[in-house]
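Participant: got a predicted structure here, sequence first:
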There are 2 protein chains.
Amino acid sequence: MGELTFEISVSVDGFVAGPDADQENPLGIGGERLHDWVIKLQAWRETHHREGGEHDVSGDLLRRSIERVGAAIMGRKMFSGQEGPWGDEPFEGWWGDEPPFHYPVFVLTHHEREPLVKTGTTFTFVTDGIESALEQARAAAGDKNVAIAGGAEVAQQYLAAGHVDEMLLHVAPVLLGDGVRLFERLGDDLPQLEIAEVIPAPDVTHVRYRVVR
Amino acid sequence: MGELTFEISVSVDGFVAGPDADQENPLGIGGERLHDWVIKLQAWRETHHREGGEHDVSGDLLRRSIERVGAAIMGRKMFSGQEGPWGDEPFEGWWGDEPPFHYPVFVLTHHEREPLVKTGTTFTFVTDGIESALEQARAAAGDKNVAIAGGAEVAQQYLAAGHVDEMLLHVAPVLLGDGVRLFERLGDDLPQLEIAEVIPAPDVTHVRYRVVR
């Protein structure tokens, strides 16, 4: 069985989005700078159907990460920017007809919906909680890992429940001052960490932590 | 003229002390784990008059840091654990007769007090603000750097005022969940950062940032 992992870009002051994040601007004020290091990479641009791009140590890391993932779990806000009923013409995600995932994605929501099939990626909507989503994602991933694709709240729920094996933080040299914090509501039984790997790059510091049981 | 720098141990979730920090337990619940990486080092133990200790990449970094500092500024709480008038037998700091600094230390306080002379270190109490303390510390440091010796609030004030040239974060693989945050009250004109150096160690990740004007 694979592991449950998450990776996310975070500011030096611990935010994964800047202030005033909403559906129009899901990364909040200044938040796009958290991803400067990745959107220039060929490895990222390929999966998002964009040409060109650079290659560096971060590109190597990204390719390694992508290869390890067999399924993902994401929150409803990550999928559609807002919560609530789906409506008559439900939003189909930010990613167009061929989403970058190319593995099954399980979306945590309170509102039932039929699976959404796109080229290479099927989104399954899970209404019966994080344990159920994890079970379904593990079954779909086989020997590969299940990735928590965000947002922060979903990562927090799985961390607090003791399910996360590894987290990979991409710490961008940015202060946001306010916004959406990565680490909150972790409960009283705080996860214990060990440093597994540090990969310095000129514009981001990648730190991989193991969560120790 | 030297630079204004600060270095501090911080948790992965951004705290420099755990919850319920007070004069009895200035690092709060769990906060002592932030310093596990340093108190085992020979380079640290020497300055604190303790025998033994190990040497590793963190020790090299610590020795380099110590050599660069010619004066320090610290907050009243860092010096004595509490604010308020000094009283008849004023507290003389946590560090005994030979404090580990061996350079002049300027303590920010609202309450006047004569300088306190210890072996190798004189503490000067500054009541007319952070600019005055910086000016006095720069004069004392000569060509060397002025270090902000803590706590977080003092670092925040100098960051928000645009005086800090460099910060060195020792990120310990610890989640504290709550406590004293390193980055708060930075104002609207947020400092811009660049990564200057990353030094991975097994039990801590050292990241040096330049503050860009």
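Facilitator: Looks like it came in fine. Numbers count the residues shown, from 1 in each chain, chains lettered A, B, ... in the order given.
Participant: list the contacts of the spatially most central residue of chain A.
Facilitator: Centroid-nearest residue in chain A, with C-alpha atoms, centre = their mean: residue A:149, separated by 2.4 Å. Residues in contact with residue A:149 (C-beta atoms under 8 Å, 6 or more residues apart in numbering or on different chains) are A:6, A:72-74, A:78, A:101, A:105. Quick note: C-beta positions are derived from backbone N, CA and C, even for glycine.
Participant: please repeat the previous calculation with a cut-off of 10 Å.
Facilitator: Listed by C-beta atoms under 10 Å, 6 or more residues apart in numbering or on different chains, the contact set of residue A:149 reads A:6-8, A:69, A:71-75, A:78-79, A:101, A:105-107, A:155.
Participant: try residue A:133
Facilitator: By C-beta under 10 Å, 6+ apart, residue A:133 lies in contact with A:71, A:73-74, A:106-109, A:124-127, A:146, A:148, A:154, A:158.
Participant: ok, of the residues you listed, which one's closest to residue A:95?
Facilitator: residue A:74 (11.2 Å; C-beta to C-beta).
Participant: check the gap between residue A:18 and chain B for me.
Facilitator: Using C-beta to the nearest C-beta, to the nearest Å, residue A:18 is found at 10 Å from chain B.
Participant: next: residue A:114.
Facilitator: From residue A:114 to chain B the distance is 38 Å (C-beta to the nearest C-beta).
Participant: pLDDT wise, what is that residue at?
Facilitator: We note a pLDDT of 96 for residue A:114 in this prediction.
Participant: ditto for residue A:72
Facilitator: 98.
Participant: mind listing the residues bridging to it?
Facilitator: Beta-bridge pairing for residue A:72 (DSSP bridges): residue A:105, residue A:147.
Participant: for the closest residue to residue A:150 other than its chain neighbours, what are phi and psi?
Facilitator: The shortest distance from residue A:150 to any residue other than its chain neighbours is 4.6 Å, reached at residue A:78 (C-beta to C-beta, 6 or more residues apart in numbering or on different chains). When quoted as degrees, to the nearest 10, the phi and psi of residue A:78 stand at phi -60, psi -40.
Participant: can you give me the helices in chain A?
Facilitator: Counting by DSSP state H, one finds helices in chain A at the ranges A:36-39, A:42-47, A:57-68, A:76-80, A:130-141, A:152-160.
Participant: now do the buried residues in the third one.
Facilitator: By neighbour count, with 16 or more other C-beta atoms under 10 Å in any protein chain shown as the criterion, the buried positions of helix A:57-68 are A:58-59, A:61-63, A:65-66.
Participant: the fifth one now?
Facilitator: Residues A:130, A:133-134, A:136-138, A:140-141 are the ones in helix A:130-141 that count as buried (16+ other C-beta under 10 Å).
Participant: and those residues as CSV, adding pLDDT?
Facilitator: Supplementary listing: the buried residues of helix A:130-141 in CSV, determined by pLDDT from 0 to 100:
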residue, pLDDT
A:130, 98
A:133, 98
A:134, 98
A:136, 98
A:137, 98
A:138, 98
A:140, 98
A:141, 98
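Participant: rewinding a little: tell me how far the residue nearest to the centre of chain A lies from chain B.
Facilitator: Going from residue A:149 to chain B by C-beta to the nearest C-beta gives 20 Å.
Participant: do residue A:190 as well
Facilitator: The gap separating residue A:190 from chain B is 5 Å, by C-beta to the nearest C-beta.
Participant: repeat that for residue A:68.
Facilitator: Going from residue A:68 to chain B by C-beta to the nearest C-beta gives 21 Å.
Participant: contacting residues for that residue?
Facilitator: When contacts are counted by C-beta under 10 Å, 6+ apart, residue A:68 touches A:2-3, A:5, A:141, A:144-145, A:147, A:166.
Participant: residue A:184 and residue B:177 touch, don't they?
Facilitator: Yes - here residue A:184 reaches residue B:177: they are 8.7 Å apart, a contact under C-beta atoms under 10 Å.
Participant: which neighbours do those two share?
Facilitator: Between them, residue A:184 and residue B:177 share these contacting residues under C-beta under 10 Å, 6+ apart: residue B:13.
Participant: stretch A:108-127: which residues count as buried?
Facilitator: For stretch A:108-127, the neighbour count (16+ other C-beta under 10 Å) marks A:108-109, A:116, A:118, A:121, A:123-126 as buried.
Participant: farthest pair in those residues?
Facilitator: Of all pairs drawn from the buried residues of stretch A:108-127, the greatest distance, 18.4 Å, lies between A:108 and A:118 (C-beta to C-beta).
Participant: circling back: could you list which of the contacts of residue A:68 belong to strands?
Facilitator: Using DSSP state E, the subset of the contacts of residue A:68 located in strands is A:5, A:145, A:147, A:166.
Participant: burial count for the residue nearest to residue A:150?
Facilitator: 22 (other C-beta atoms under 10 Å in any protein chain shown).
Participant: ok, now residue A:165?
Facilitator: As a burial measure, residue A:165 scores 15 neighbours (other C-beta under 10 Å).
Participant: related to what we said a few turns ago, and the contacts of residue A:149, which is the shakiest by pLDDT?
Facilitator: Comparing pLDDT over the contacts of residue A:149, residue A:78 scores lowest. The value there is 90.
Participant: wait, doesn't it sit right on residue A:152?
Facilitator: Yes - Residue A:78 is in contact with residue A:152 according to C-beta under 10 Å; the separation is 9.4 Å.
Participant: circling back to that earlier point, and which of the ones in strands among the contacts of residue A:68 is nearest chain B?
Facilitator: Nearest to chain B among those: residue A:166, at 12.4 Å, using C-beta to the nearest C-beta.
Participant: which residues sit in contact with the closest one?
Facilitator: Counted by C-beta under 10 Å, 6+ apart, residue A:166 has contacts A:3-7, A:68, A:145, A:193, A:196-197, A:208-211.
Participant: by neighbour count, which of the residues you listed wins?
Facilitator: Neighbour counts for the contacts of residue A:166 (other C-beta under 10 Å) peak at residue A:6, which has 24 neighbours.
Participant: give me the neighbour count for the closest residue to that one other than its chain neighbours.
Facilitator: Closest residue to residue A:6 apart from its sequence neighbours, by C-beta to C-beta, 6+ apart: residue A:148 at 3.7 Å. By other C-beta under 10 Å, 29 other residues sit near residue A:148.
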